[in-house]
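J.: Kindly return the folded structure for what I paste below:
(2 chains)
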Amino acid sequence: MIHEAPGAINGLRSATLSVVRIATWNVNSVVARLPRVVEWLGIVEPDVLCLQELKTAELPDELTDLGYEVAIHSTGRWNGVAILSRVGVTDERRGLLDEPGYQPEDAMLEATEPRAVGATCGGVRIWSVYVPNGRDPKHAHYEYKLRWLAALHATIAAELPTHSRLAVLGDFNIAPSDADVWNPRAFDGLTHVTEPERAALGALRDLGLHDVVPRAMKYDTPFTYWDYRAGMFHKNEGMRIDLVYASEPLAGAVRDAYVDRDARKGKLPSDHAPVVVDVDVS
DNA sequence: ATGCCCGTCCGTGACGGA
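T.: Model (predicted):
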């Protein structure tokens, strides 16, 4: 049993059927990660799992055979997001309202990238998102990132009036504060920490969403990403960029939230660890 | 120990990741 038990919540879950376990995980190719994802689902047993960076158009049969309902938006080599749910999938929506493309003409051609999928699962409105990287603050991809975040904001603003329980989960590619990177000085001039990116997160919070900060399993840093290179995981040189942004009623019902850094260990891991949230939806 | 890039693509280096 390599995965640390999530504490007293186990007893609560067995005693109270109304606790829903929602998780998010950038798997960096669901094909390459298939055995790890299947094993992890058996251990952690989330009711809803948001996936990012599928890097393939369809989920492998071994995953869909597990009995989860699926909402998916994925096309091939790059990006790709999905929601797996065993508490229902309704009102699936692929993409954002007025979602921009990387190149301006992409949106006109409806050639936008598969980076967002929404669905209602067990009475909770869920969005699985993979925010564009940005690459460099001077790169066109950075402007695309900010436009994309504005479309996310508009989409959530439109849904909140009819979905009191709502959460946006995924790889935001933004560290909300300097405490969310291993060394702020190492990020001078880089994406993920700039004021406009952080302001986009602030705008989501202004809608009433709350940053559900998970507890860490080790150290005091609930990082969710560690680069593969230079032993950064082993030195805990990571970042908290996989986020759970939950509406007030949902955030107030959170009973536990943790980073499953055990999933970053061992053979052929993703460079991201899952974030797991237990919510009382009674 | 968790241990010092990885994944994709008709092909093998280029590109993306952050």
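J.: Where do the strands of chain A begin and end?
T.: A:19-26, A:48-52, A:69-73, A:81-85, A:90-94, A:116-121, A:124-130, A:166-171, A:209-211, A:225-226, A:238-239, A:242-247, A:254-259, A:275-280 (DSSP state E).
J.: Residue A:179 is nearest to which of these?
T.: Across the strands of chain A, the minimum distance to residue A:179, taken as C-beta to C-beta, is reached by strand A:238-239, at 10.6 Å. Heads up, the C-betas are built off the backbone N, CA and C, glycines and all.
J.: Buried deepest among the strands of chain A, which one?
T.: strand A:48-52 (a mean of 30; mean count of other C-beta atoms under 10 Å).
J.: That one versus strand A:166-171: what angle between them?
T.: Per axes from the mean of the first three to the mean of the last three C-alpha atoms, to 10 degrees, the angle that strand A:48-52 makes with strand A:166-171 is 40 degrees.
J.: So which residues make contact with strand A:48-52?
T.: A:20-27, A:30, A:37, A:41, A:68, A:79-87, A:121-122, A:124, A:126-130, A:169-171 (C-beta atoms under 8 Å, 6 or more residues apart in numbering).
J.: do the same with stretch A:132-146
T.: For stretch A:132-146, the external contacting residues (C-beta under 8 Å, 6+ apart) are A:100-102, A:113, A:115, A:131, A:148, A:173, A:189-192, A:194, A:196-197, A:200.
J.: Tell me which two in those residues are the farthest apart.
T.: Based on C-beta to C-beta, the longest span within the contacts of stretch A:132-146 runs between A:101 and A:189 and measures 26.5 Å.
J.: Can you pick out the residue with more neighbours from those two?
T.: Taking neighbours as other C-beta atoms under 10 Å, residue A:101 and residue A:189 compare with residue A:101 leading, 17 against 9.
J.: Check that one and give its pLDDT.
T.: Looking at residue A:101, its pLDDT reads 91.
J.: Could you pick out the residues of chain A near DNA strand B for me?
T.: A:2, A:26, A:28-29, A:31-32, A:53, A:55-56, A:76-78, A:132-133, A:135, A:141, A:171, A:173, A:191-192, A:218, A:225, A:227-231, A:233-235, A:239, A:241, A:265-268, A:271-272 (C-beta under 7 Å from any atom of the strand).
J.: make it 6 Å
T.: Within chain A, the positions near DNA strand B by C-beta under 6 Å from any atom of the strand are A:26, A:28-29, A:31-32, A:55, A:76-77, A:133, A:135, A:171, A:173, A:192, A:218, A:225, A:228-231, A:233-234, A:239, A:241, A:265-266, A:268.
J.: For PyMOL, what selects the buried ones among these?
T.: Buried residues within the residues of chain A next to DNA strand B, by 16 or more other C-beta atoms under 10 Å, are selected in PyMOL with:
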select buried, chain A and resi 26+28+55+171+173+192+225+233+239+241
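J.: Could you pull up the residues touching the closest residue to residue A:118 other than its chain neighbours?
T.: Leaving aside its sequence neighbours, residue A:118 sits nearest to residue A:93 (C-beta to C-beta, 6 or more residues apart in numbering; 4.2 Å). Contacts of residue A:93 were listed using C-beta under 8 Å, 6+ apart, and they are A:117-119.
J.: same thing but at 10 Å, please
T.: Going by C-beta atoms under 10 Å, 6 or more residues apart in numbering, residue A:93 touches A:71, A:73, A:116-120, A:125, A:127, A:155, A:159.
J.: Reformat those residues into a markdown table and put distance to residue A:278 next to each item.
T.: Below are the contacts of residue A:93 laid out as a markdown table (distance: C-beta to C-beta, whole Å):
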| residue | distance to residue A:278 |
| --- | --- |
| A:71 | 21 |
| A:73 | 26 |
| A:116 | 24 |
| A:117 | 22 |
| A:118 | 21 |
| A:119 | 19 |
| A:120 | 19 |
| A:125 | 18 |
| A:127 | 19 |
| A:155 | 26 |
| A:159 | 23 |
